[in-house]
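In: Below are the sequence and a predicted model for it; my questions follow.
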Amino acid sequence: MARQEPRKDVVIVGLGWTGSILGMELSQEGLDIVALERGADQDTVPEFKYPDMLDELRYGVRLGLVLKPRNQTLTIRRGPDEVALPFRSFGSFLPGNGVGGAGAHWNGLNWRPQPEELKLRSHVRDNWGEQIIPEGMLLGDYPVSYDELEPFFDRFEHVAGISGQAGNLNGQIIPGGNPFEGRRSRDYPMPALPVTYDARKFAEAAAAMGYHPFKAPSGIASTAYVNPYGMQMGPCTFCGFCERYGCFQYSKSAPQTMILDALRRQPNFSYRTGAEVLRVEKAPDGKTATGVTYWDHAAGEEVFQPADLVILAAYQLFNVHLMLLSGIGQPYDPVTGEGVTGKSYAYQMNGSATLFYRDEVFNPFVGHGSNGMSIDDFGMNQIDFGREGFIGGAYWRSGQTNGQPIRSMPLPRDSAEWGAGWKKAVGDWYGHVMSIGSHGSHMAYRGNHLDLDPTYRDRFGRPLMRMTFNWQENDLRMNQFMRARMAEVVAFMKPDLSQLSFKDLGARYDIRPYQTTHNTGGHIMSENPAEGVVNRYSQVWGMHNVFATGAGNFVQNTQYNPTGLVGGLAYHTADAIRRQYLSNPRPLV
Amino acid sequence: MRTFLRIVALLALTGVIVLLAMIFVPVRLTPAVAALPADWRPAEGQGEYVMRAGDCAACHTAEDGRPFAGGRPIESPMGTIYSTNITPDPDQGIGRYTLDQFRAALYDGIRGDGAHLYPAMPYENYRMLTEEDVRALYDYFMNEVPPVADPIPATDLAFPFNQRWGIRAWNWLALRHPAGFTPVYGDEVLDRGKYLVEAPGHCGACHSPRNLLMMQDGVTLDGGRFLQGGAIAGWEAPPLSGPASAPQRWDIPDMARYLGTGRNNHSTANGEMGLVVEESMQHLTPDDRIAIAAFLKGMPGGEVVLPATTEPSETVVIPHQPAGDAGKETEALLVSAPADMAIGPRLYADNCMACHFASGTGAAQIFPKLAGNTLVQSDETMPLISIILNGAHVPSTAQRPMQLVMQGYRDRLNDQEVAELATFLRSAWGNDAGPITTERVAEVRAETAEDAGDPDDTARD
Amino acid sequence: MTDLPGRPSRRGFLKASAAGVAMALLPLSAKAQQAAAPVPLEQYQPVFFTPAEWAFVMAATARLIPSEGDGPGAIETRVPVFIDLQLAGEFGQAADWYMEGPFAPAADPLLGWQTPLTPAEVYRQAIPVFDAWCAQTYNAAFTALDPARQDEALAALEEAAMLAPEIRDFFSILLDNTKEGYFSDPIYGGNHGMQAWVYIGFPGARGAFLEWVERHDVPYPLGPVSISGERA
């Protein structure tokens, strides 16, 4: 028999970036709100404090801030012919855990999508015709446009504290910025950060080759900063411990630095940690939710939390898992193409070049997660899909993020992996290496999807979610295109040695090495209930008092890191709830 | 506090004479400074506002205690004084106080039963409250504060400090200034600032030096060494007047920001001042904080330039500040990071430089500047050593909600290392203060052992 | 003179002791400050390993990161201590991992950890199997082989032909743990004296480099600091 808590106006599932944003914005409406976070509380001090945070083994290797698979994981298979097996020890992606979510341990790369990416199907149709869309690709338009989202991208960038330089201010191209980006109504809130030697070398080569280098936009403070909530950042000290770490310096954009202390002051907002939501409860007619049932880890019991409004703000994977477990949306069937929940799971297609310079010094430990210079000359809106034979694009970046030696020890491919040769190689090469990364788009496909696993269960006895995912030819071709272009840049830069790492055609998904925590889709936005789980306001079709935030909304993944779009959509949703929904709760579309 | 012992010795010498007078001359209470109409009522919130400005909770609310129920221990060399219950409970609190009795506590330091209050109660300053504010405060405590009937520990000082009549003689000397407030500027803002500083804010209680009798040496603008610097609980209460004082070095908005948020473009409020910000100053209106800053700026003759608006801007962006001329040499050494760096700068590079930078300039509103920092160079060395050992905490305020916490280095640095580091800080970037010994660090480490707990204790409530 | 089986090479041991003594005798110095000298490796009492396992790990890590040549080896940096403590702790028990069945240990390696065994169990089961293989192949235990033979045997272990699927990843786990112990903060028992950081020029837990962002192509000279405040 579940304990029952007093009714709230709003229950928020997950207190990461979007849960914090919705909590803050809706608390300003005077609503009585509770956020439920399955992990523990964590803050700059003591959890992220110096010097303890600068511990590669504990956080970088043993993943101290990441969700523990024993507490929640999923199964993975590369296709319907395989038996999915549990992701027992995380590698390919690293979901966050605890207050702040993955927003506590990210790198800080904050991009807006290109306008064309949000209307990609139209972009393809209008320029090349739909016949170039490969069989099995679920190419779609987002039901919102870049122009509609622009004020919300801007709002998120100012709350999140982003450093960068505009390339397109109200249509005017600004030298030094990204000339291919969408229109911005104003510049980034902070100037761009200085860059390290590797970035400068790359930018000089790129400029000489006629490309358009610019400083990467970064959720890392270049100055002292106070955001619209009065929350603060200190200038980054380039400590070289961003991804997988919380920032000890108040320098990284995170719920901890940008929202949470302000949110804690709101008298009508509270949050509970160790509160793991098991399912969303539905009214008998299934048309609304009545609240959520969660497991209270401290009390060791189930709790029903009634609420008028349910915000699913968990990480993409776990939002979809909750929907599948709660019967929100019809589960997607890849055979018939019917159903929506779990559909259009997408990821990211990345590659890189490593350049070795025997006599040059990079001091790789001087860095931060979004350090460096980028080019967008191979971005989605610069590529002739018809000519190149794929739909996609990538931005490139060079800028060292860390010199942590257990994991960040690139060696020439022919080096020994152990023994005297290995020891000599690490002595010879540490600090004399730089890299260039290609960060590419990933489309949605009929076969790549999420559903419930028939065999494996979590600690509550619920089925684990099952991911069916493999690389697809379209994206691999995009990657090979980038490889060829990057080989030209590498040759121009004349390293002593170099190597390229891009997945080949036919590559199968390897879940072991870290790739990216940019899992998208599964509860995508759509123009109508037949195609997706939520409408343009992230409101669930057919259950008007449930909203779902995060990258699960992505129709297909963009070529960029998702946080900028996730943040923009969250403010778009908050605005819709505040201005349209509260006065008259109903389906907004 | 040692001075206080001397005072008491003096008091004992003159005791016999004074005693006679005390026995035969009845206590005369200061009357109201204005006759308000019988139907006068304070504006809504006025009483609470005066309570905030006067920071009554700082002493009268115990840690984790109910509001104004007293019982907060105030350590003194004579023993522990427990603050009184000022809730309207008729037996434990002040519920039976008449307005005149209430005023007598504020103006004359006389308790309802006629006994003398210990001068830990700043009646030297509250004496200058206007009658309107006295009435508003009375109304607040009688009608808005919930009564608490819990008894508090009795203050039980050893002889002769338990002889409260001794305070009477002290009061004759300490309370020679007239009650009520005297405006002098003919300027609304400056006079408002003067009032807030002198009367409810009781800034002089810490920031004015004490004379030989441990009275505030100057309780008003025109008296003694008003606000020329004092000490409180081992912390220096830095001078608020004089060319090197913060109100002269900082502009008015920055001074007001310090009061309202505990942080500004130069420094952060630590220790006792952090509590003043948290309990009192952040609750004032922006205009009142500007008035205080303007008064402090203008008091010794600084040019008063008021900001056009007190509306906060949407965002604030302040670039990193390089070292000034005096700091260039230290900055150059730290930046070059030579392998054979001396122990002092090496410890700075290994423990402090991430936030305070090679320039020692920190970062606006978040990491205090160490170059030219008064706390770093103070003769009161406990705060600097304690912050290195135990860390520091700037409270959450409405305008700047983020709790800023510096972690302590108690476990990472031994006494000798802390001494080397503190000595470096006191001489780097043109700072000019004497060395800190290992023995002094050991003392502070022992004295502050109980502060060494998780700084999160305060950060999470 | 040959080293005893399972012992550090004489040269490595002397290097390690000399460094320990030198550091213990220094006054407060900007360049060298470390915690009290630890117990010498040969007196170390393993928490997890049996004596035979300990001898194997000492010998194997001494080949994975040998003492000869520039830079410290696994023995001077006390990597075996690190591995012992890791296997005794949460890592060894797979405390954070999803370890519910059914298991498919022979699954495609691209699907990651699928053995029912914890890392500690993999060590415990694999070491005797490998030792038996050494006995069969070389007529001697691994620890008794000369360094060249040990390298040859480890290369065979890397191929894993003698290992059942449940323990097939033993070599890569051992190698990963060896490198972790070499480069992690000294609080975990390895990277003794931060020697591995000094060797490659990693400044450890300093985390304060704003002033170096635009000092391009200039070597950073200052030595490392550890989490506990050791300096080198």
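Out: The structure has been received and is ready for your questions. Residues are numbered from 1 along each chain as shown, chains lettered A, B, ... in the order given.

In: so where is chain C shaky, pLDDT-wise?
Out: By pLDDT under 70, the low-scoring segments of chain C are C:1-28, C:31-36.

In: likewise the stretch 1-150 of chain A?
Out: Flagging of the stretch 1-150 of chain A using pLDDT under 70 yields the residue ranges A:1.

In: how about the residues of it that lie near chain B?
Out: Listed as neighbours of chain B in the stretch 1-150 of chain A under the rule C-beta under 8 Å from any C-beta of the partner chain: A:Asp41, A:Asp43, A:Thr44, A:Val45, A:Pro46, A:Lys49, A:Tyr50, A:Pro51. Where you see a C-beta, it was placed from the backbone N, CA and C, and this is true even at glycine.

In: One more pass at 6 Å, please.
Out: By the rule C-beta under 6 Å from any C-beta of the partner chain, the part of the stretch 1-150 of chain A lying against chain B is A:Val45, A:Pro46, A:Lys49.

In: Looking at neighbours, which among these is most surrounded?
Out: Neighbour counts for the residues of the stretch 1-150 of chain A next to chain B peak at A:Val45, which has 21 neighbours (criterion: other C-beta atoms under 10 Å in any protein chain shown).

In: That residue: what secondary structure?
Out: What DSSP: H, G, I helix; E, B strand; the rest coil gives for A:Val45 is coil.

In: what's B:Ser267 in contact with, if anything?
Out: By C-beta atoms under 6 Å, 6 or more residues apart in numbering or on different chains, the contact list for B:Ser267 reads B:Pro368.

In: mind running it again at 10 Å?
Out: Under the criterion of C-beta atoms under 10 Å, 6 or more residues apart in numbering or on different chains, the neighbours of B:Ser267 are B:246, B:249-250, B:254, B:258, B:273, B:362, B:365, B:367-370, B:372-375, B:394.

In: Then A:Leu36?
Out: A:11-15, A:19, A:271-277, A:292, A:294-296, A:303, A:305, A:313-314.

In: got it, and B:Glu188?
Out: B:Ala291.

In: Enumerate the residues of chain C near chain B.
Out: C:27-31, C:33, C:203-212, C:215, C:218, C:220-231 (C-beta under 10 Å from any C-beta of the partner chain).

In: Now the buried members of those.
Out: Buried residues within the residues of chain C next to chain B, defined by neighbour count using 16 or more other C-beta atoms under 10 Å in any protein chain shown: C:30, C:33, C:203-212, C:215, C:220, C:222-231.

In: What helix or strand is the most centrally placed residue in chain B located in?
Out: Nearest to the geometric centre of chain B sits B:Met273, at 4.7 Å (C-alpha atoms, centre = their mean). Under DSSP states H and E, the secondary-structure element containing B:Met273 is helix B:271-279.

In: Keeping just the C-alphas, turn that helix into CSV.
Out: As requested, C-alpha coordinates have been extracted for helix B:271-279 and formatted as CSV (Å, rounded to 0.1, in the frame of the first residue of the first chain):
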residue,chain,number,x,y,z
GLY,B,271,32.6,35.9,9.7
GLU,B,272,30.6,38.3,11.7
MET,B,273,29.9,40.6,8.8
GLY,B,274,28.5,37.7,6.8
LEU,B,275,26.0,37.2,9.5
VAL,B,276,25.1,41.0,9.5
VAL,B,277,24.5,40.7,5.7
GLU,B,278,22.4,37.5,6.1
GLU,B,279,20.3,38.6,9.1
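
In: so what secondary structure elements neighbour it?
Out: Identification of packing neighbours for helix B:271-279 by 3 or more C-beta pairs under 10 Å, 6 or more residues apart in numbering or on different chains; DSSP states H and E yields helix B:56-60, helix B:204-207, strand B:230-232, strand B:235-237, helix B:252-261, helix B:382-390, strand B:392-394.

In: closest one to chain C among the ones you listed?
Out: Each of those was scored for nearness to chain C using C-beta to the nearest C-beta, and the closest is helix B:382-390 (12.6 Å).

In: and the closest one with chain C, contact?
Out: No. If you take C-beta under 10 Å from any C-beta as the test, helix B:382-390 misses chain C, and the best it gets is 12.6 Å.

In: tell me the angle that helix makes with helix B:271-279.
Out: Taking axes from the mean of the first three to the mean of the last three C-alpha atoms, to 10 degrees, one finds helix B:382-390 and helix B:271-279 inclined to each other by 80 degrees.
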